Structure formats: structure tokens, C-alpha cells
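> Sequence and computational prediction follow.
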Amino acid sequence: MSEVMSFPILERPKSKGQSPMVTYNGVVKRFGAFTALTGVDGAVYPGEVVCLIGPSGSGKSTLLRCTNALERIDEGSITFDGSPLPAAEKDVRAVRRRMGMVFQGFELFPHMSAIENVMAGPLTVLKADKASARRQAEQLLDKVGLAHKADSLPAMLSGGQQQRVAIARALAMEPEMMLFDEPTSALDPETVGEVLAVMRKLADEGMTMLVVTHEMSFARKVGDWIVVFDHGKVVEEGPPDVIYVNPQAERTRNFLSHIGWHE
Amino acid sequence: MTLDFSVLHTALPRMIEAAGTTILISVLAMVIGIAGGLVIMLLRIAPNRVVSLAALSYVEAIRNVPLILLVYWGYYVLPILLDLRLSAFACGLIALSLVVSAYTAEIFRAGVRSIRPRQYDAALALGMSKAQMYRRVIIPQAASRVLPILASVWVSLFKDTSLVSVIGVHELAYVSLEIRSSTFRVLEILSTMALIYWCIGYPQAKLVDRLHRKYGAKE
């Protein structure tokens, strides 16, 4: 963080007068002998789109998975809505309901149709009644442009369609925040755009989003705050206008030039 | 050597009735065994070491002894242990159900483990409990993957029910062998017995194949 401290003041408009929705304090995560996160600090404010970028294996996805306690951290703390992530399984579930998650590999339930996937959370977790769950699912599928695919099994859908259903499935829990784990990395190039368009719509509606992504133009245009990872730590963070135009850290410049980013 | 199938006039009705018992005990053992197998599989993957070790011991104990021994055990030892009098049918059913549950527990466990870890994550990320995750997401997927293996368990179980004849359950093997001893028409009776087993077993095997094609893994 000392690198960041020496930077000029970075404007973070959505942080003004708000308490963070999520904070990370000295988060350390180890997998056996490998340390995936080596003391990460940071925050996500309500309504913000925070994009985590950096080389593969730099810890971005691990941080995302620690945020809803799919992975347990070894040191430090993560808070959500002012409270540390609970230890008890039952309390963790209550936190997870409030965060939607979208995976790189979509992870739709293959034995359920698109609409059944979207209804799965409300029916199982919230014990919603079937008629209202179906109405809500129809609206959400319509929102992601897939009302006509409601009865299709995931195997019958393209990657981009599956991912849009997966977003609808997460939204069905009416989360306060969405976690995206490289949502377009497994997609054919021609379907990336349709998924990013849905994400952009969500961002415009004011959804708080934490996005691990390699889509630099998405992060540049839609992101409010960019966090650059390398070797399990944050090397730089700031608004996209700084990170993509005038990055301060050597490693950010290296990363951006390596992936061929030109402003 | 002369063949005399006239013996079948009286034998066949009795054999067909006995085949009904064979089917009944197979179906019951399969249903009870699958339900038991599910429970044992869930105990086997439970986080509690003592629980999972107990389930593992059960599976290994049952799987590694001959079925005929279990049948005898169910008939001679179990009633003493439980201090009740059970019919031969009940003892045979218990022995077969134990075997089916031990085998299917392992089959279900392999099925559950074949579901990729991110599916577990996706269920948990929605806020599901572990129980909800297994019930709604993991087991339904695993079930369609293990269907062909369950099918072969079923087909062998159907034939293995003949072993309960040793404790006097009046199923197809017992009744056929009894008729054979009393009429000495060995070839006729054994051939008929084989034909009945085959006629019942073959369509089942085909039906299960079709179910597999229809409901098999969709990925």
C-alpha cells in the first residue's frame, strides 16, 4: 500500500459520504505452501463497479471467492455491510443470499431449464411460492433478453446465453451486490458483447459490482474503480482515467502493455 | 435321452407364481437398498469423522463377504440379535437390501464426486445449505450419471435373488429346484427356469438401457 499512499489524491466519487459495502483488511489466503493473497486491503462502496485486473494467478479470483466465503481467509478480515464475515455456516448463508455470484464457466444447473435455474434460489433458499418465483424469473429472463429460451436446457444454449441466464439466476435473489468471476473468459468472442451489455445495464441501474475481468475496455468504460493485482497483492488502484491513462506502478504499465492495451 | 415337457403342465403355473416372488423381492430389495444407499452415502461424506468411518466400515463389511453368507446370516443370526422371528422372505429381503445399499452407496458416492466443484460453489453462492445443495443440485445430476451402473446392479440383483432359495424363500429358483427333485425332469425344469429368468431379465436390461439414453448425462 505504500506505493499507493505516495500517489496524488485519487478521486473516488462514490465513496463520498458512504460507508463501504465491503472492506478488506490485510487479507491473507494460503493454499498449502502457496500464498494466493499476501495482505490485501481495499473497499467496495455502494453503487460502485470495482474491477479487479492483473495477470492470471495474481489472486483476483481468490479475493472474489473470499468475499462470499466460498474460500476462508487465513489472516486479516473482510467485512460486509459493517460486520465481519461470520464463521458459522448458517450465518454465512445469510450473507451469500445478499451477494449474487457469476462464474467463468456459467455453472448453470444442467438438469434444470433456464427458468428453473432462475427460480432455484428463490424456491429453495427463500421458500418463495412457485407462481411468484416464476413471474419474477420471467421478468429476469426478459431483462437479459432470453424470455424465449425459458424452457431450454443449458446444454441447448450458447455460452453467452448460458451466462446471461446465470446472471438472471443470481439476480433472482435480489442481491445487494454482484460478484463476477471472469464472466466472459470462457465465451466465444461473438457472444462476449451480449454478456457485457447485460452487465453494463446492471451497472447503470446502480448495482454494486465486483468484477474480475480481462475485458479492459469494459473496465475502462464501466468501472468506477480499478484494482490491479500481481502476485497476491494490490500493486495499484484508482479510477480508470488514472489506471488506463497514466498508471503509476511499473507493474501496471507492464501488465497493460503485455496485454496490448493502448489508450 | 427323452425330453418330456408334459411335466410343465403342473410345474409351469407354480414356477410362474414363484417368479412373481422373485420379482417382488428384487423390487423391494432395490427400493430399500437405494434408499439405504443414499443415506449411507450421505453419512460417508459427512464432515464428522466418526460418522463417515462408521459408514465406511458398513460398506466394506458388506461388500467383502459373499452374498450367500449374508443370506444365511440374515436367517440364522439376525433373528437372535434382534430377538424376533422373521419369515424367510423377510430375512432374504434384509440380506439383499444390505448388499444393494452397500453397493449403491459407493456408486452414489462416485456419482456425487464426479460433479465438478464449481457446481457446489454455484449452489452455495445462492445461499443454499449443504442439504439443499445435495438435494436440488448434486444428487439429481449424480443420479442420471449413475443410472447405467444402477441398472447393472439391478440386473445382477434380479439373478442373485436365487441365492435366497437356500433359506427356503419360495422364489423361482427354490420352487424350480424343488420340482426338479420331485419329478427328476432335470433338463426340462432347469431349461424352463433359465428361460423364465431370461424372459424377465432381458426386457428389464433393455428398458434400463433406454432410460439411460433418455435421462443420461446431459453434458
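Yep, it's here. Numbering: from 1, shown residues only, chains lettered A, B, ... in the order given.
> Could you count how many residues lie near residue B:198?
11 (other Cβ atoms under 10 Å in any protein chain shown). (Glycine included, C-beta is placed from N, CA and C.)
> pLDDT score assigned to it?
The model reports residue B:198 with a pLDDT of 92.
> Roughly how far does it sit from residue B:158?
11 Å (Cβ to Cβ, to the nearest Å).
> and chain A, which residues reach chain B?
A:65, A:68, A:70, A:89-90, A:93-94, A:96-97, A:99-101, A:103, A:105, A:107-111, A:120-121, A:124-125, A:153, A:155, A:169-170, A:173, A:179 (Cβ under 8 Å from any Cβ of the partner chain).
> Give me the buried entries from these.
Buried members of the residues of chain A next to chain B, scored by 16 or more other Cβ atoms under 10 Å in any protein chain shown, are A:65, A:68, A:70, A:93, A:96-97, A:99-101, A:103, A:105, A:107-111, A:120-121, A:124-125, A:153, A:169-170, A:173, A:179.
> Among those, name the ones in strands.
A:99, A:100, A:101, A:179 (DSSP state E).
> wait, doesn't the first one sit right on residue A:176?
Translated: residue A:99. Yes - using Cβ atoms under 8 Å, residue A:99 and residue A:176 qualify as a contacting pair, with a distance of 7.2 Å.
> give me the number of residues near residue 199?
Using chain A. 25.
> that's the wrong chain, I meant chain B
10.
> can you check residue B:87 too?
Residues near residue B:87, counting by other Cβ under 10 Å: 12.
> Can you spell out which helices and strands pack onto the lengthiest helix in chain B?
Using DSSP state H to define each element, chain B has its longest helix at helix B:8-44. With contacts taken as 3 or more Cβ pairs under 8 Å, 6 or more residues apart in numbering or on different chains; DSSP states H and E, helix B:8-44 sits against helix B:49-63, helix B:88-113, helix B:139-160, helix B:172-183, helix B:186-215.
> okay, stretch A:66-78 in CSV with CA atoms only?
Extracted in CSV, the C-alpha atoms of stretch A:66-78 (Å, rounded to 0.1, in the frame of the first residue of the first chain):
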residue,chain,number,x,y,z
CYS,A,66,-13.2,-15.0,-0.2
THR,A,67,-15.8,-12.2,-0.4
ASN,A,68,-18.7,-14.6,-0.1
ALA,A,69,-16.8,-17.1,2.0
LEU,A,70,-16.5,-19.8,-0.7
GLU,A,71,-12.9,-19.6,0.5
ARG,A,72,-12.0,-18.9,4.1
ILE,A,73,-9.2,-16.4,4.7
ASP,A,74,-6.2,-17.2,6.9
GLU,A,75,-5.4,-13.8,8.2
GLY,A,76,-6.9,-10.3,8.2
SER,A,77,-10.6,-9.6,7.9
ILE,A,78,-13.3,-9.0,5.4
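> Which helix or strand in chain A has the lowest average pLDDT?
helix A:2-5 (a mean of 50; mean pLDDT, DSSP states H and E).
> so who does residue A:147 touch?
A:138, A:141 (Cβ atoms under 8 Å, 6 or more residues apart in numbering or on different chains).
> Just read off the phi/psi values of it.
phi -60, psi -30 (degrees, to the nearest 10).
> and it, how far is that from residue A:165?
For residue A:147 relative to residue A:165 (Cβ to Cβ), the value is 11 Å.
> Skipping its backbone neighbours, what lies nearest residue B:175 in space?
Spatial nearest neighbour of residue B:175, chain neighbours left out: residue B:18 (3.6 Å); criterion: Cβ to Cβ, 6 or more residues apart in numbering or on different chains.
> tell me the pLDDT at that neighbour?
91.
> wait, isn't it in contact with residue B:169?
No - when contacts are counted by Cβ under 8 Å, residue B:18 is not listed as touching residue B:169 (9.4 Å).
> which one of those two has more residues nearby?
Taking neighbours as other Cβ under 10 Å, residue B:18 and residue B:169 compare with residue B:169 leading, 27 against 23.
> low-scoring stretches of the stretch 101-250 of chain A, by residue?
Nowhere does the stretch 101-250 of chain A drop to pLDDT under 70.
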